[in-house]
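Peer 1: Need the 3D shape of this:
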Amino acid sequence: MTNKTLGLDFGTTNSVAALLSEDGTPTPLEFQHHANAMSVFRSVLCFWEEQSGRATLRLDTAGPWAIERFIEDPHDCRLVQSFKSFAASRLFNETLIFGKRYAFEDLLSTFLGNFWQNSGIGGCAPPKRIIMGRPVSFVGANPDEALAIKRYETALRRFGFNEIHYVYEPVAAAFFFAQRLTRDANVLVADFGGGTSDFSVIRFGQSGSGIRSIPMGHRGLPLAGDTFDYRIIDNAISPQMGKGSRYLSINKQLEIPGQYYVSFARWNELSLLRSPATLRELKQLADTALEPDELNRFIRLLETNAIYALYRSVSDAKVTLSGADGARLKLDAPGVQLEADIERADFENWIAEDVARIGHAVDTLLADIGLVNTGIDRVFLTGGTSFVPAVRRLFSERFGDEKIETGNQFDSIAQGLALIGQERDIGRWNVKNLPA
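Peer 2: Take a look at the predicted model:
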């Protein structure tokens with residue numbers, strides 16, 4: 001194991017890793033959850049406490065085991081989702097979980113421990129070298145990239161890695177894709193994650209020693225799959241929860257503050273809504289609301305911990321809309337019943353500005369490096385959002401269907417990272433932004 005390299009694609013929603021063996025073959029790590037074998041591991045943590053004699057033990061797990069634990073006993077657990085979103089945030093220092101303070105690096109190292117332990121080779125020591133994927137642009141209003149990498153570094157070294165390299169996620173996807181090229185090509189890679197969309201253009205060529213590459217340019221956008229989920233919740237669910245309704249305040253009718261629904265539609269802000277102070281505010285608003293039933297439904301949803309089931313239903317609806325003209329979103333939880341029929345045409349209207357921003361980011365990247373659309377020979381789309389027809393159509397209209405390729409949408413980055421690990425000069429792929 002000591003001679004191997006691990007490629008890790010740590011994502012906002014999902015994480016995937018691939019191990020490079022001595023013969024140079026990258027193999028995604030697999031996880032066996034009950035009867036299901038999977039290589040895609042949900043980026044979630046669950047914490048809870050148990051009594052052992054007089055001692056109180058603080059326990060944790062991750063991935064599907066975390067989700068399972070939370071569903072079984074939601075009231076006595078703390079579920080941590082989308083924590084990658086805080087990696088570059090100077091505003092996030094720590095969170096308190098059952099009396100213990102967890103900084104970002106504590107959450108990440110805890111996640112890594114569970115991730116490795118639950119893999120098919122969790123009984124072996126991990127390799128000492130890791131090629132870690134990183135977004136072109138971290139998510140957040142004012143992301144501090146140096147802070148994010150410093151936090152990554154601390155967690156990875158704590159876990160036991162002593163040779164750490166960082167590679168742009170779309171570059172890793174491009175390197176994986178380049179293995180199938182038979183001639184020189186300018187390749188545009190669009191990597192759609194949960195929190196960010198990243199784009200890279202790389203010139204690949206064949207040489208006697210293997211693949212020759214010249215990175216030409218990169219661009220990132222803090223918009224991806226979670227944004228599309230947000231649009232579904234904001235347009236199809238939140239209006240059933242009191243969004244846009246009104247309440248009385250000193251004989252005046254005012255609209256229920258919209259910030260509640262902004263946080264509701266974002267995984268990483270959901271914990272703010274479930275604080276005792278916020279729930280108290282919502283109940284006070286419900287007392288004077290003109291349509292209290294909707295607001296009370298919102299409160300029950302937050303209190304009954306049916307949130308994960310709702311987000312799963314939203315994700316399922318989005319997947320359905322990628323292959324059908326419509327989808328029914330349904331939630332049947334204690335005290336909370338919701339239904340929404342969503343037409344693909346409506347969904348595409350909700351995400352139209354987001355898709356336009358993706359197109360603008362691609363156009364800007366090409367302009368920055370002095371290429372026009374016809375200068376791109378191949379386009380490789382990766383990540384779950386690449387299945388959304390409106391996104392696929394954007395690239396087809398710009399570059400032509402014949403240039404578009406997909407495949408291994410969920411593990412291409414991890415495999416590309418592992419493959420880069422066998423390059424003689426890994427340093428030329430390395431992107432590191434540590435403070436001086």
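Peer 1: which residues of the chain fall in helices?
Peer 2: 63-72, 104-117, 145-159, 169-178, 225-232, 259-264, 270-273, 276-287, 292-303, 307-321, 344-350, 352-369, 389-399, 412-420 (DSSP state H).
Peer 1: what angle sits between the last one and helix 169-178?
Peer 2: I take that to be helix 412-420. 80 degrees (axes from the mean of the first three to the mean of the last three CA atoms, to 10 degrees).
Peer 1: who's in contact with helix 412-420?
Peer 2: 5-9, 16-20, 24, 26, 28, 131-133, 165, 167, 169, 171-177, 179, 191, 380, 382, 408, 426, 429 (CB atoms under 8 Å, 6 or more residues apart in numbering). From N, CA and C alone the C-beta is placed, and that goes for glycine too.
Peer 1: From the chain's centroid, how far away is it?
Peer 2: Relative to its chain's centre, helix 412-420 lies at 18 Å (CA atoms, centre = their mean, to the nearest Å).
Peer 1: Rounded mean pLDDT for that helix, please.
Peer 2: Over the span of helix 412-420, the pLDDT mean works out to 92.
Peer 1: Output that helix as PDB, restricted to C-alpha atoms.
Peer 2: As requested, the backbone C-alpha atoms of helix 412-420 are provided in PDB (Å, rounded to 0.1, in the frame of the first residue of the first chain):
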ATOM      1  CA  SER A 412     -13.800  10.400 -13.800                       C
ATOM      2  CA  ILE A 413     -12.100  13.100 -11.600                       C
ATOM      3  CA  ALA A 414     -11.000  10.600  -9.000                       C
ATOM      4  CA  GLN A 415      -9.500   8.300 -11.600                       C
ATOM      5  CA  GLY A 416      -7.900  11.200 -13.400                       C
ATOM      6  CA  LEU A 417      -6.300  12.400 -10.100                       C
ATOM      7  CA  ALA A 418      -4.900   8.900  -9.500                       C
ATOM      8  CA  LEU A 419      -3.500   8.700 -13.000                       C
ATOM      9  CA  ILE A 420      -1.800  12.000 -12.600                       C
END
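Peer 1: Do I have it right that Ser39 meets Ser119?
Peer 2: No. With contact defined as CB atoms under 8 Å, Ser39 does not reach Ser119; the gap is 9.5 Å.
Peer 1: Give me the common contacts of these two.
Peer 2: Listed as contacting both Ser39 and Ser119 by CB under 8 Å, 6+ apart are 29-31.
Peer 1: which sections of the stretch 101-250 of the chain are below the confidence cut-off?
Peer 2: Scanning the stretch 101-250 of the chain for pLDDT under 70 picks out the ranges 207-210.
Peer 1: Of all the helices of the chain, which one comes closest to Tyr247?
Peer 2: Across those, Tyr247 has its closest neighbour in helix 276-287 (5.2 Å, CB to CB).
Peer 1: Let me know the angle separating the closest one from helix 292-303.
Peer 2: Going by the same axes, to 10 degrees, helix 276-287 makes 160 degrees with helix 292-303.
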